[in-house]
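# Requesting a structural model of the entry that follows:
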Amino acid sequence: QVQLVESGGGLVQAGGSLRLSCAASGRTFSNYAMGWFRQAPGKEREFVATISWSGGSTAYTDSVKGRFTISRDNAKSMVYLQMNSLEPADTAVYYCAAKTFTTSRALRDYDYWGQGTQVTVSS
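Prediction:
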């Protein structure tokens with residue numbers, strides 16, 4: 001089992017920045033690829049970013065490329081999502097998730113999920 005706890009969400013004005021953190025505990029963190037997903041009110045949960053176990057490979061959904069950066073610190077069992085130039089469309093609950101082996105953009109591929117952290121971007 002892997003337990004994931006997100007933090008760092010909040011209310012920010014458009015153009016501002018936030019850094020989300022996800023603390024992992026349980027099994028060896030470096031065995032897992034990690035992902036960030038988000039779910040806006042009335043919408044399905046969607047992929048945001050993913051990072052390989054080593055941090056050497058990352059991928060992003062098109063709408064956040066150039067604005068968001070995913071990173072990880074295996075020594076601290078942490079994964080981060082730096083979000084810059086935030087837009088009202090980024091408003092959602094953000095979830096981190098873990099899966100074994102390779103990165104993936106598909107929700108169904110992830111085995112473990114956190115409880116989510118709310119990000120609200122005002123215009």
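# Okay, and the beta partners of the residue nearest the centre of the chain?
Geometric centre of the chain, nearest residue: residue 36, 2.4 Å, by C-alpha atoms, centre = their mean. Residues in a beta bridge with residue 36, per DSSP bridges, are residue 49, residue 96.
# ok, it to residue 24 distance?
Using C-beta to C-beta, to the nearest Å, one obtains 13 Å as the distance from residue 36 to residue 24. For glycine as for every other residue, the C-beta is placed from the backbone atoms N, C-alpha and C.
# which residues are common contacts for those two?
Common contacts of residue 36 and residue 24, defined by C-beta atoms under 8 Å, 6 or more residues apart in numbering, comprise residue 79.
# How are the strands of this protein distributed by residue range?
2-7, 10-13, 18-26, 32-39, 46-51, 58-60, 68-73, 78-83, 92-100, 112-113, 117-122 (DSSP state E).
# what comes up buried for the fourth one?
By that I understand strand 32-39. By neighbour count with 16 or more other C-beta atoms under 10 Å, strand 32-39 contains the buried residues 32, 33, 34, 35, 36, 37, 38.
# contact partners of it?
Contacts with strand 32-39, where a contact means C-beta under 8 Å, 6+ apart, come from 2, 20, 22, 24, 45-53, 70, 72, 79, 81, 90, 92-105, 107, 110, 112, 116, 119.
# and the direction of it versus that of strand 68-73, what angle?
Going by axes from the mean of the first three to the mean of the last three C-alpha atoms, to 10 degrees, strand 32-39 is angled at 150 degrees with respect to strand 68-73.
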